[in-house]
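Asks: from the sequence below, what's the structure:
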Amino acid sequence: MGIILAHKPNLRHGGWAISLGMILSVLLFHSGADAGQKENADALHKLIIQKVDSTIWTSGEWKGQPTDYTGKKLPKALVVCINWRDVAPTRYVGDFNIRTGSSANPPRSVDAAAVEATNTCKSRCKATCVVADRNGQNALQPPADWYP
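Replies: Down below sits the predicted model:
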């Protein structure tokens, strides 16, 4: 983001002026891009949560049960294995790992939950492990060039 300065030699304050209209245009354009990116990340987060909640565990202490991440106790974290080129606000393909307070051996904090879920993800993921949710809040931070 940049601001355009206009040189006006007859002004008393050094000859430089910034048009209020130019500033507002730049700020509105920039905030619009950020708002669109946030909407896209929120839509992807919602999609991921829906996928995770409806997935049936195939092993471990919750074998045969729906993941139901949304209903799990705090502290909790959800980490996804994601290739940003392969996902969109309406399309998510990838694996996930959760760590929650509902476990027989719960994490001490949300930070610990995120670290533990990330470490598990890294042991299996061939793409990038990304914290998608912390204590029920969207934690996705897509790259700036994700989804135009």
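Asks: tell me the confidence at N10?
Replies: pLDDT recorded at N10 is 48.
Asks: and D111, how many neighbours does it have?
Replies: Neighbourhood size, D111 [other C-beta atoms under 10 Å]: 12. Just so you know, the C-beta spots here come from the backbone N, C-alpha and C atoms, and that holds for glycine as well.
Asks: immediately after the helix or strand hosting it, which helix or strand?
Replies: Per DSSP states H and E: D111 is located in helix 110-122. Remark: after helix 110-122, the chain's next helix or strand is strand 128-134, criterion DSSP H and E.
Asks: that following strand: how far from the chain's middle?
Replies: 7 Å (C-alpha atoms, centre = their mean, to the nearest Å).
Asks: now do whichever helix or strand comes after that strand, average pLDDT.
Replies: The element immediately downstream of strand 128-134 (helix or strand, assigned by DSSP H and E) is strand 137-138. The pLDDT scores in strand 137-138 average 98.
Asks: starting from strand 137-138, tell me which strands it pairs with and how they run.
Replies: Partner strands and pairing direction for strand 137-138 (DSSP bridges) are strand 128-134 (antiparallel).
Asks: contacts for the helix holding D111?
Replies: Here helix 110-122 makes contact (C-beta atoms under 8 Å, 6 or more residues apart in numbering) with 74-81, 95-101, 107, 129, 131, 134-135, 139.
Asks: so which residues of this structure form strands?
Replies: Per DSSP state E, the chain carries strands over the ranges 6-7, 16-17, 76-82, 96-100, 128-134, 137-138.
Asks: quick one: closest of those to P66.
Replies: Closest to P66 of the strands of the chain, according to C-beta to C-beta: strand 96-100, at 12.1 Å.
Asks: and the angle for that closest one with helix 110-122?
Replies: 150 degrees (axes from the mean of the first three to the mean of the last three C-alpha atoms, to 10 degrees).
Asks: returning to that earlier point: can you tell me which of the contacts of helix 110-122 are buried?
Replies: Among the contacts of helix 110-122, those classed as buried by 16 or more other C-beta atoms under 10 Å are 74-81, 96-101, 107, 129, 131, 134-135, 139.
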